[in-house]
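**Student:** Got a predicted structure here, sequence first:
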Amino acid sequence: GINAEYGSLTVDTDIFRIFRLLKSLRALRALRVIRTIQFLKNLQITVSAIVQSIPALSSIIMLISLVLYIFAIVGKGLYSEVDEMRFGNIGFAAFTLFQLLTLDDWFFMFTEVRSTHPEYWHILIYLVIFIVLENFIFINLFIAVIVDNLERDRESNDHTIP
């Protein structure tokens, strides 16, 4: 490059060329807007699919709540004297079962009941049936409805966009 001297200061002009190149690369930031618009379109499709899923999801939520209530009644009847803190009344039992939807502490609950009352081995069957029914069937059904509506919405948008 060309070296220019200004008094005691020496400046290399190649540095200015690099800075001009970096300034021109700033213009590429404008391309981010295009990506954002595409992201918003996808977000709009996703939100639209979830809104369309609400009627079917409300039915599934009612079914999940009904099964949870039935299992709370059964749990209170079978295990209220064994584990009063978790199954002492229907509210505690429903809360415990709702907590089990996250698969949180189910094995701890089983081992605690088994260590204090070994004759209540059938709590394992109760917990496994509830977990399989609620988590692996109803929650997957919940997700399947959303995914199905999302696919339908994306297909309809693919056909309408030229």
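**Tutor:** Great, that's in hand.
**Student:** what ranges do the helices span in this protein?
**Tutor:** Counting by DSSP state H, the chain has helices at residues 13-26, 31-79, 84-87, 90-100, 106-116, 123-131, 140-160.
**Student:** Against which helices or strands is the third one packed?
**Tutor:** Judged by 3 or more C-beta pairs under 8 Å, 6 or more residues apart in numbering; DSSP states H and E, helix 84-87 is in contact with helix 31-79, helix 90-100. (C-beta placed from N, C-alpha, C; glycine too.)
**Student:** And the residue nearest to the spatial centre of the chain, how far from Asp105?
**Tutor:** For the chain, the residue nearest the mean C-alpha position is Ile143 (9.7 Å; C-alpha atoms, centre = their mean). Distance from Ile143 to Asp105, counting by C-beta to C-beta, to the nearest Å: 23 Å.
**Student:** now Glu84
**Tutor:** Taken as C-beta to C-beta, the span from Glu84 to Asp105 is 17 Å.
**Student:** Please apply the same query to Phe92.
**Tutor:** 14 Å.
**Student:** So which of the two has more stuff around it?
**Tutor:** Phe92 (18 against 14; other C-beta atoms under 10 Å).
**Student:** give the contact list for the closest residue in space to that one that isn't next to it in sequence.
**Tutor:** Leaving out its chain neighbours, the residue that sits closest to Phe92 by C-beta to C-beta, 6 or more residues apart in numbering is Arg86, at 6.0 Å. Residues in contact with Arg86 (C-beta atoms under 8 Å, 6 or more residues apart in numbering) are Gly75, Tyr79, Phe92, Ala93, Thr96, Met109.
**Student:** out of those residues, who's nearest Ser53?
**Tutor:** Using C-beta to C-beta, Thr96 is the member of those that lies nearest Ser53, at 28.6 Å.
**Student:** got a pLDDT number for the nearest residue to that closest one once chain neighbours are set aside?
**Tutor:** Excluding the flanking residues, the one nearest Thr96 by C-beta to C-beta, 6+ apart is Arg86, at 4.3 Å. We have a pLDDT of 91 for Arg86.
**Student:** Good, we can wrap up now.
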